[in-house]
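Q: Pasted the sequence and its predicted model underneath.
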Amino acid sequence: MKRTRVTIKDIAKELNVSASTVSRALQDHPALKQQTKDAVRELAEKLNYRPNTMALNFLKQTSTTIAIIVPDITGYFFSAAVTGIQDILVSSGYNIMICISNESYEEESRIVEKLSKVQIAGILVAPSSTTFNFDHIKKIQRNNIPLVIFDRDCEGVDAHKVLVDDYSGAFEAVEYLIKTGCKKIAHITGASDLSTNNHRLQGYLDALKKNNLPILDKYIIYAQGFTHEHGIKPTESLLKSNNVPDAIFAVNDRLAVSAMRTAKKLNFRIPEDISIIGFDDEPHSTYFTPALSTVWQPVYSMGMLSARILLGDIKRKEDENLQLRYEVFKTELVIRGTSKKL
């Protein structure tokens, strides 16, 4: 059976009044008799009438909907960031629309194109790993839609940005491995044009340079994605080579966990034969044996701050100059069982 939504016209027809009268009654217009208002409200409640928020926003040329564009929502990182964003926006009276790009530049561009055609209060975006052209992001700005870029940078785009100090987190992790006696440290990374990957790679490289350890191309392996499955082949290629590393620093926890499982299948002892450190500190990291050493980053706080900055921009007066915010959160190295103790 087809479900139909009750409209203002339905209420008006039932009461034999105009649609504008119903609309004004629902908004408690002072010019209407209280008897008319009561009759309209009583029938609206009986028919389970719910206002069309998007239509009202269109008429008022305002919106209470904010879009969040993220590459993925199945893992801990972006779900935690979205939760932080939601906790701020919903408590401030806004609705959120979660849009998932699935790590696709094309899908991300399509999402932005669709959002540009509807009334939207603001947009928060974490770019996909395949987004290297930012014309669609700049289009958001040209449409005067408040924008905050978080987690992954869009270099060259002047906008509010909330990021994490990926470089320092990676540098600290690799230097720790060196201090525990590791001298052949491999790095499993991802797409070379993604800002977070580049910053973590540079931290890895600089830690080796500072400690006078050689940089070997064969120890830098590029995974085809960020899931557990994507870490198997890179780890196998490292552990089945003629010059096996004594440590692996992975660009995220999922690849690190995959490296752990693969190493165990190949009969490597962790951390006696090989140390492993990840990046993210996902909740499940503590439930493995041994528990995963990793780099913690304040994801929830990053989401909350991103939302607060966006709200500040939305509420900014038209004649008030825009002061762009560039915020960088610090990370923390968390040592558990997959790396040797100092």
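A: Received the coordinates, thanks.
Q: what ranges do the helices span in the chain?
A: Secondary structure of the chain (DSSP state H): helices located at 8-15, 19-26, 34-46, 53-60, 76-91, 105-115, 135-142, 166-179, 195-210, 232-239, 253-265, 299-314.
Q: Distance check, Glu327 against Asp151.
A: For Glu327, the distance to Asp151 (Cβ to Cβ, to the nearest Å) stands at 12 Å. Just so you know, the C-beta spots here come from the backbone N, C-alpha and C atoms, and that holds for glycine as well.
Q: How about His136?
A: Noted for His136: a distance of 17 Å to Asp151, by Cβ to Cβ.
Q: Between these two, which is the more surrounded one?
A: Taking neighbours as other Cβ atoms under 10 Å, His136 and Asp151 compare with Asp151 leading, 26 against 19.
Q: isn't Asp10 right up against Leu47?
A: Yes. Counting by Cβ atoms under 8 Å, Leu47 is a contact partner of Asp10 at 6.8 Å.
Q: Compare those two (neighbour count), which wins?
A: Asp10 (17 against 13).
Q: and the gap between that one and Arg316?
A: Relative to Arg316, Asp10 is positioned 40 Å away (Cβ to Cβ).
Q: for Ile137, same thing?
A: Ile137 is 20 Å from Arg316, by Cβ to Cβ.
Q: So between those two, which is more surrounded?
A: Set Ile137 next to Arg316 and count neighbours by other Cβ under 10 Å: Ile137 wins out with 22 against 13.
Q: Against Leu115, how distant is that one?
A: Taking Cβ to Cβ, one finds Ile137 at 12 Å from Leu115.
Q: Could you find the closest non-adjacent residue to Arg308?
A: In this structure, Arg308 finds its nearest non-sequential neighbour in Ile88, 5.8 Å apart by Cβ to Cβ, 6 or more residues apart in numbering.
Q: Same question for Ala170.
A: In space, and not counting its chain neighbours, Ala170 is closest to Gly203: 3.0 Å by Cβ to Cβ, 6+ apart.
Q: show me what contacts that neighbour?
A: Residues counted as contacts of Gly203 (Cβ atoms under 8 Å, 6 or more residues apart in numbering) are 166-174.
Q: Please render those residues as a markdown table that adds neighbour count, pLDDT and distance to Ile220 to the earlier fields.
A: Formatted as a markdown table, those follow (neighbours: other Cβ atoms under 10 Å; pLDDT from 0 to 100; distance: Cβ to Cβ, whole Å):
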| residue | neighbour count | pLDDT | distance to Ile220 |
| --- | --- | --- | --- |
| Asp166 | 26 | 97 | 16 |
| Tyr167 | 19 | 98 | 16 |
| Ser168 | 17 | 98 | 19 |
| Gly169 | 25 | 98 | 18 |
| Ala170 | 29 | 98 | 13 |
| Phe171 | 23 | 98 | 15 |
| Glu172 | 17 | 98 | 19 |
| Ala173 | 28 | 98 | 15 |
| Val174 | 26 | 98 | 12 |
